[in-house]
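Asker: predicted structure and sequence below. I'll ask about it afterward.
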Amino acid sequence: MLFLLFIALILNLDYPLTYISGISVQRATLLYSELGLKTCNDLINFFPFRYIDKTSFYTIKDLQANTSEVQVVGKITQVNTVAQKRGSRLVAKFQDTSGTMELVWFKGQKWIKDALIIGVPYVVYGKLNHYNGSYSIPHPEMELVSEYKKKLQTKMQPIYHSTEKLTNSGVSNKLIRSYIQKLLQQFYEGITESLSDEIINNFKLMKKRDALLNVHFPKSQENLAKAQNRLKFEELFFLQLQLVRKKLINKTKIKGFVFKDVGSIFNEFYSDKLPFNLTNAQKRVLKEIRKDVASGAHMNRLLQGDVGSGKTIVALLTTLLALDNGFQATIMAPTEILANQHYTAISELVDGLNINVDILTGSVKTKKRKEIHENLENGFLHILIGTHALLEDKVKFKNLGIAIIDEQHRFGVKQRAKLWAKNKLPPHILVMTATPIPRTLAMSVYGDLDISVIDELPPGRKEIKTVHRFDSNRLSVFKFMKDEIAKGRQVYVVYPLIQESEAMDYKDLMDGYESISREFTAPNYQISIVHGQMKPVDKDYEMQRFVNGETQIMVATTVIEVGVNVPNASVMVIESSERFGLSQLHQLRGRVGRGADQSYCILLSSFKLSEEGKTRLKTMVDTTDGFKIAEVDLKLRGPGNLMGTQQSGILNLKIADVAKDSKILVAARNTAIEILQDDPNLEKHYNLPIKNTFAKISRNSKIWSNIS
Ligand code: ADP
Ligand code: MG
């Protein structure tokens, strides 16, 4: 007795699984390799992914073909052995006051037949099969109602994820359940609270130990919901605490260049050269940036703005702040075409201001390249625009003050770090993206960055009209294209390009090109074509012909997706649009509507559409708001798929779901911010539970190194 007490006291949840009786070293090794479970604590935090709800009963009349497991009370009226192709099956007619169904056995028939009692009430439970309008349960769990009533019911049964290996080596769901039950019995009192009293009271959260108990062995749906809510809050809270803390540390610990003055360059440009009034959103974002770069801390800001929202001018004004304070600036774009566009636009804008701008891309010749290198190091160049070529070691700035990265999703973390390393102090970083990320997702994936949003389009834009047409209407689409071209407009026709079936896609593209060529003949019509299998020079040549207005139609794969600006193009026809993702469709549509003309987007598809495909196309027809589209995308695809593998680590949550639990997420983040503002190092006594948990999480987690 004394001995047992002693064991209970010194055991704690950090002990390896082998401390649970019944878990051998081999079994523990298997649990680790299959499920990543190492300690008792891991196991107690291994949550069921679903529950068998034995709290409710069905009547046979109410059974639905899509119900998975059901519990029914009724009587057996008759038992038969039915011959089938191989062997036989045992079939019992089972009846309640509302109807009849069958119970079926393939194995152990003799034994079962003897055991079944006709005419007495049973509680029957199992997986429901539906065949030819009648229902059956194969190999049901059965119990006489008289017995059932005597027993204490476990009611909702937890079901845990498992693997074939585990099942084969005898680790059943029941066994896992029993291990966890043991742990909870033994440790319940010892489970310490991880949140402060204040948080628990504020949000009326369940206590930690009760949440753990109820997530594994809920007494009711209501208790389960409360337990899940508490655990989701906790998970998201500590995630946010990490991110917000990292952000605070960046702000206070990492020194940045100070752009003290708004000087003559900025002011002259603003009053004399700015071709339009900034939108309120642009002004707000510029203020946010100005505050950052004047603060003495290092800026690491993400600027989100839908296509056409006017990010370029914000970027330029930001570089002028650097110039006013004696620093150089650089703007990096993902493709040569885009870098060229920035270069042209910015050169024009600053014309007459005595600012030296140049462009560095892969195709710049050696002689010119040398000249750029020199002018960069001696400080003659003020703004250097370019592609990846900017990252080469030979590219050395005299005093780089800020790096602006356009279309962020094409650049990896490593490349950002490389820019970072080009200086004694890290230059300020402004990352611009036209791919709207839902707010909740941004909070998690970029929770350590500052985020600015341009949520307003420049005035006078006409909303792009979007329609969905089936392939059979292609002729009328051609007619529409002709009408628009007659008005002097240009048209994109885009084909999908999906890696796995590249050859087929290529054929689709070429077939499409041919049919368009037949319909739109020279000399009245000129057609450009751009696809992935062309050499970059040829691509650029074709692209340039379209940009210059020499061709009226651009037939292309998705290479045109990012950033190309041809204001005269007003029609976007997307072939097989059901095969594109939402964000891709949105990006493609953003290629039109850049000029003063009414623009159109035509989504062509076959008749065969999946439910998801229908939702995507309907969303595109219903809205042009990139953030709304991103929200739908998040719901359809889930956070992991949306962000790609790069950030999936951080989204690898145990119980919370960034898409579904957005309310909890926002509350958790705000709470994290409040707490760190009040107590940055978690030193106050009332935050002790948080501090202890936080320390443990920080020690154990590796995902944080993935965020940059
Ligand atoms: P994006 O955010 O997609 O990079 P751009 O910076 O290319 O958008 O801007 C799209 C177009 O809108 C450009 O032609 C630009 O000159 C114009 N523009 C930007 N801001 C304004 C504004 N405040 N008023 C009017 N036009 C603007
Ligand atoms: Mg842009």
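Answerer: Sure, I can see it. Ligands and ions are numbered 1, 2, ... in the order given.
Asker: which residues does whichever residue of the stretch 351-500 of the chain sits closest to ligand 1 contact?
Answerer: For the stretch 351-500 of the chain and ligand 1, the shortest gap (C-beta to the nearest ligand atom) falls at Pro458, measuring 3.4 Å. All C-beta spots, glycine's among them, are computed from the backbone N, C-alpha and C. Contacts of Pro458 were listed using C-beta atoms under 8 Å, 6 or more residues apart in numbering, and they are 276, 279, 308-310.
Asker: likewise for Pro438?
Answerer: 627, 630-631, 634, 659.
Asker: quick one on the thing from earlier: quick one: buried ones out of the contacts of Pro458?
Answerer: For these, burial is judged from neighbour counts taken by 16 or more other C-beta atoms under 10 Å, and it is met by 279, 308-310.
Asker: which two in those residues are spaced the farthest apart?
Answerer: In terms of C-beta to C-beta, the buried ones among the contacts of Pro458 reach their longest pairwise distance at Thr279 and Gly308, which sit 11.4 Å apart.
Asker: show me what secondary structure element comes after the lowest-mean-pLDDT helix or strand in the chain.
Answerer: The least trusted helix or strand in the chain, going by mean pLDDT, DSSP states H and E, turns out to be helix 2-10, with a mean of 49. Along the chain past helix 2-10, the next helix or strand (assigned with DSSP states H and E) turns out to be helix 25-35.
Asker: contacts for that next one next, please.
Answerer: Identification of contacts with helix 25-35 by C-beta under 8 Å, 6+ apart yields 16-18, 23, 37-38, 43, 46, 161-163, 165-166, 169, 171.
Asker: switch to 7 Å and redo it
Answerer: Here helix 25-35 makes contact (C-beta atoms under 7 Å, 6 or more residues apart in numbering) with 16-18, 37-38, 46, 163, 165-166, 169, 171.
Asker: quick one: buried residues of that helix?
Answerer: Within helix 25-35, the residues scored as buried using 16+ other C-beta under 10 Å are 27-28, 30-31, 34-35.
Asker: again with stretch 520-531
Answerer: By neighbour count with 16+ other C-beta under 10 Å, stretch 520-531 contains the buried residues 520, 525, 527-531.
Asker: farthest-separated two in those residues?
Answerer: Looking at the buried residues of stretch 520-531 by C-beta to C-beta, the two members farthest from one another are Tyr525 and His531, with 19.3 Å of separation.
Asker: hang on, the earlier thing: please convert the contacts of Pro438 to a markdown table, extending it with secondary structure, pLDDT and distance to ligand 1.
Answerer: Below are these laid out as a markdown table (DSSP: H, G, I helix; E, B strand; the rest coil; pLDDT from 0 to 100; distance: C-beta to the nearest ligand atom, whole Å):
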| residue | secondary structure | pLDDT | distance to ligand 1 |
| --- | --- | --- | --- |
| Phe627 | helix | 86 | 14 |
| Ala630 | helix | 88 | 16 |
| Glu631 | helix | 87 | 20 |
| Leu634 | helix | 85 | 22 |
| Ala659 | coil | 78 | 26 |
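Asker: can I get the buried part of these as one ChimeraX selection?
Answerer: This is how ChimeraX selects the buried members of those, with burial counted by 16+ other C-beta under 10 Å:
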select :630,631,634,659
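Asker: spell out which parts of the stretch 451-600 of the chain neighbour ligand 1.
Answerer: Residues of the stretch 451-600 of the chain lying near ligand 1 by C-beta under 6 Å from any ligand atom: 458, 565.
Asker: show me where the stretch 451-600 of the chain has its helices.
Answerer: 474-486, 502-519, 536-547, 582-589 (DSSP state H, counting those that start in this stretch).
Asker: ok and the first one relative to helix 502-519, angle-wise?
Answerer: Right, helix 474-486. Comparing the axes of helix 474-486 and helix 502-519 via axes from the mean of the first three to the mean of the last three C-alpha atoms, to 10 degrees yields an angle of 60 degrees.
Asker: next one: helix 474-486 to chain centre, how far?
Answerer: Between the centre of helix 474-486 and the centre of its host chain there is 37 Å, according to C-alpha atoms, centre = their mean, to the nearest Å.
Asker: what residues sit buried inside that helix?
Answerer: When burial is assessed from 16+ other C-beta under 10 Å, helix 474-486 yields the following buried residues: 474, 477-478, 480-482, 484-485.
Asker: reformat those as JSON lines; add pLDDT.
Answerer: Rendered in JSON lines, the data for the buried residues of helix 474-486 read as follows (pLDDT from 0 to 100):
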{"residue": "Arg474", "pLDDT": "91"}
{"residue": "Val477", "pLDDT": "96"}
{"residue": "Phe478", "pLDDT": "96"}
{"residue": "Phe480", "pLDDT": "97"}
{"residue": "Met481", "pLDDT": "97"}
{"residue": "Lys482", "pLDDT": "97"}
{"residue": "Glu484", "pLDDT": "96"}
{"residue": "Ile485", "pLDDT": "97"}
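Asker: what's in contact with the helix or strand Lys628 falls within?
Answerer: Taking DSSP H and E as the criterion, Lys628 maps to helix 626-643. Counting by C-beta under 7 Å, 6+ apart, helix 626-643 makes contact with 306, 436-438, 441, 445, 582-583, 586, 612, 615, 619, 623, 648, 651, 658-659, all of which sit outside it.
Asker: so for the longest strand anywhere in the chain, what gets flagged as buried?
Answerer: Under DSSP state E, the strand in the chain containing the largest number of residues is strand 69-83. For strand 69-83, a neighbour-count test (16+ other C-beta under 10 Å) marks 69-76, 79 as buried.
Asker: near ligand 1, which residues of this structure?
Answerer: Proximity of the chain to ligand 1 is assessed by C-beta under 6 Å from any ligand atom, with 276-279, 282, 305, 307-313, 434, 458, 565 identified as the residues in range.
Asker: lowest-confidence entry in those?
Answerer: Of all the residues of the chain next to ligand 1, the model is least confident about Asn565, whose pLDDT is 76.
Asker: I figured that one hits Gln341, correct?
Answerer: Yes: in terms of C-beta atoms under 7 Å, Asn565 counts as a neighbour of Gln341; the distance is 5.7 Å.
Asker: can you give me the helices in the stretch 601-708 of the chain?
Answerer: Secondary structure of the stretch 601-708 of the chain (DSSP H, counting those that start in this stretch): helices located at 611-622, 626-643, 662-678, 688-700.
Asker: ugh, typo on my part, it should be the stretch 201-350 of the chain
Answerer: For the stretch 201-350 of the chain, helices defined by DSSP H, counting those that start in this stretch occupy the ranges 208-216, 221-253, 264-268, 280-294, 311-324, 336-349.
Asker: Asp661: neighbouring residues, count only.
Answerer: The tally of other residues near Asp661 (other C-beta atoms under 10 Å) stands at 21.
Asker: quick check, it in contact with Lys232.
Answerer: Yes: with contact taken as C-beta under 7 Å, Asp661 and Lys232 are classed as touching, separated by 5.4 Å.
Asker: re the thing from before, possible to save the buried ones among the contacts of Pro458 as JSON lines with distance to Asp505?
Answerer: Converted to JSON lines, those look like this (distance: C-beta to C-beta, whole Å):
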{"residue": "Thr279", "distance to Asp505": "39"}
{"residue": "Gly308", "distance to Asp505": "28"}
{"residue": "Ser309", "distance to Asp505": "31"}
{"residue": "Gly310", "distance to Asp505": "34"}
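Asker: of these, which is the nearest to ligand 1?
Answerer: Closest to ligand 1 out of the buried ones among the contacts of Pro458 is Gly310 (2.8 Å), distances taken as C-beta to the nearest ligand atom.
Asker: contacting residues for the closest one?
Answerer: Neighbouring residues of Gly310 by C-beta under 7 Å, 6+ apart: 279, 282, 454, 458.
Asker: one more time with 10 Å, if that's ok
Answerer: For Gly310, the contacting residues are 276, 278-279, 281-282, 285, 454, 456-458, taking C-beta atoms under 10 Å, 6 or more residues apart in numbering as the criterion.
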